[in-house]
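Enquirer: All I have is the shape, not the residue letters:
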C-alpha cells in the first residue's frame, strides 16, 4: 500500500479517537483541566515508544511505522492543543494548573515513551 495512504488511514483512526477521548474525559471530569489532551498525548507516546521498540528489534516494518507511528499517533497526539489549553489556563488565572499541566504532560509523555520502547524491545527483541 502507498505510504501516503497508510498515513491517511492511520490518521483517519487517530483523529476521531482523539476527539472521542476528549469528549469522554470532559463528560467524566469537566472542562477545568485538559484531561483529554493529557490522556491522548500520554497514550500516543506509549504507543509510539512501543512501535519504536519493535522497530529497533526488527519487528515493525516501514508500513507499520507509517500506519501507526506517523498516521495514528500523529493524528492522536496534539502539541498545538496542549499549548493552547495551557495558555487558556494561564489566561483564566489558573497558573498553577497550567504549570502542573506542563510538568505532568512532559513527564508522563517521556515516561510513557521510555516504557513503550523498553516493552517493545522486551517483547520483540
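Expert: Noted; the coordinates are in hand. From a predicted model like this one, the values you see are computed outputs, not experimental measurements. Numbering: from 1, shown residues only.
Enquirer: any residues touching the worst-scoring helix or strand of the chain on mean pLDDT, and which ones?
Expert: Ranked by mean pLDDT, DSSP states H and E, the helix or strand of the chain with the weakest confidence is helix 62-64, at a mean of 95. Counting by Cβ atoms under 8 Å, 6 or more residues apart in numbering, the neighbours of helix 62-64 from elsewhere in the structure are 1, 3, 6, 51, 54-55. Quick note: C-beta positions are derived from backbone N, CA and C, even for glycine.
Enquirer: and the residues you listed as CSV, adding distance to residue 109, neighbour count and secondary structure?
Expert: Compiled in CSV, the contacts of helix 62-64 are given as follows (distance: Cβ to Cβ, whole Å; neighbours: other Cβ atoms under 10 Å; DSSP: H, G, I helix; E, B strand; the rest coil):
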residue, distance to residue 109, neighbour count, secondary structure
1, 29, 9, coil
3, 26, 14, helix
6, 24, 20, helix
51, 15, 22, helix
54, 19, 23, helix
55, 19, 19, helix
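Enquirer: On the three-state scheme, the residue with the largest distance to the centre of the chain is what?
Expert: The outermost residue of the chain relative to its centre, with distances by Cα atoms, centre = their mean, is residue 93 at 26.7 Å. Per DSSP: H, G, I helix; E, B strand; the rest coil, the secondary structure class of residue 93 is coil.
Enquirer: Tell me which residues touch it, please.
Expert: Applying Cβ under 8 Å, 6+ apart as the definition, residue 93 turns out to have no contact partners.
Enquirer: How much space separates it from residue 31?
Expert: Computed as Cβ to Cβ, to the nearest Å, the residue 93 to residue 31 distance reads 15 Å.
Enquirer: other SSEs contacting the one helix or strand residue 25 maps to?
Expert: With secondary structure defined by DSSP states H and E, residue 25 is part of helix 3-29. Counting contacts by 3 or more Cβ pairs under 8 Å, 6 or more residues apart in numbering; DSSP states H and E, helix 3-29 packs against helix 35-56, helix 62-64, helix 74-76.
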